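>>> Got a sequence here, can you model it:
(one chain, ligands or ions: 1)
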Amino acid sequence: MYVVLAVVAAIAIAIGVIGAWILRSNFMTYSESFENGFGKWIVDADVPEDPNNPGQPVEWHISRTSNVPHSGQNSLEFFIDGQQDDGTIWIETRIEAGKRSHVKVSF
Ligand SMILES: [Ca+2]
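Next up is the predicted model:
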């Protein structure tokens, strides 16, 4: 009886370890605290021309700042002049992913 229970327990543990290994291998966490520049991130924008300054885009920037960091000493400040009610600014980076990926972003 004890041998059967031991075998069942060993099989259950093996299934649990293999299952945990498979699930863990499918998850990847990437975080960036911007303590050393922008890390792997690059800045980009799609902004309109400023009608008050023809030929120039509306004022915008994404820069490192020491104001209100979530962690460490630095964070990013996103600014865009919204008076024209248009424009988008962002940071982007490449991530290694499988054929199908579920991405969760938090900030
Ligand atoms: Ca930081």
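>>> Glu92 against Asp44, yeah?
Yes - with contacts defined as C-beta atoms under 8 Å, Glu92 counts as touching Asp44 at a distance of 6.0 Å. Using the backbone N, CA and C atoms, a C-beta is placed for each residue, glycine as well.
>>> Mind listing the shared neighbours of those two?
Common contacts of Glu92 and Asp44 (C-beta atoms under 8 Å, 6 or more residues apart in numbering): none found.
>>> which parts of this protein sit against the ion?
Ser33, Pro69, Ser71, Gly72, Asn74 (C-beta under 5 Å from the ion).
>>> buried subset of those?
The neighbour-count test (16 or more other C-beta atoms under 10 Å) marks Asn74 as buried among these.
>>> I'd like to know which of the residues of the chain next to the ion are part of strands.
Judged by DSSP state E, these include no members of strands.
>>> Contacts only, for Phe34.
Trp41, Arg64, Gly72, Asn74, Ser75, Leu76.
>>> Not counting sequence-adjacent ones, nearest residue to it?
Asn74 (4.9 Å; C-beta to C-beta, 6 or more residues apart in numbering).
>>> same deal with Pro48?
Leaving aside its sequence neighbours, Pro48 sits nearest to Asp86 (C-beta to C-beta, 6+ apart; 4.7 Å).
>>> mind showing which ranges of this structure have poor pLDDT?
1-12, 14-26, 97 (pLDDT under 70).
>>> Would you map the helices across it?
Along the chain, counting by DSSP state H, helices occupy 2-25.
>>> returning to what we had before: among the contacts of Phe34, which one sits closest to Pro57?
Checking the contacts of Phe34 against Pro57 with C-beta to C-beta, the nearest one is Leu76 at 19.2 Å.
>>> partner residues bridging the closest one?
Taking DSSP bridges as the rule, Leu76 bridges to Arg64.
>>> Which residues are in contact with it?
Leu76 neighbours (C-beta under 8 Å, 6+ apart): Phe34, Phe38, Ile62, Ser63, Arg64, Thr65, Ile91.
>>> I am finished for the moment; much appreciated.
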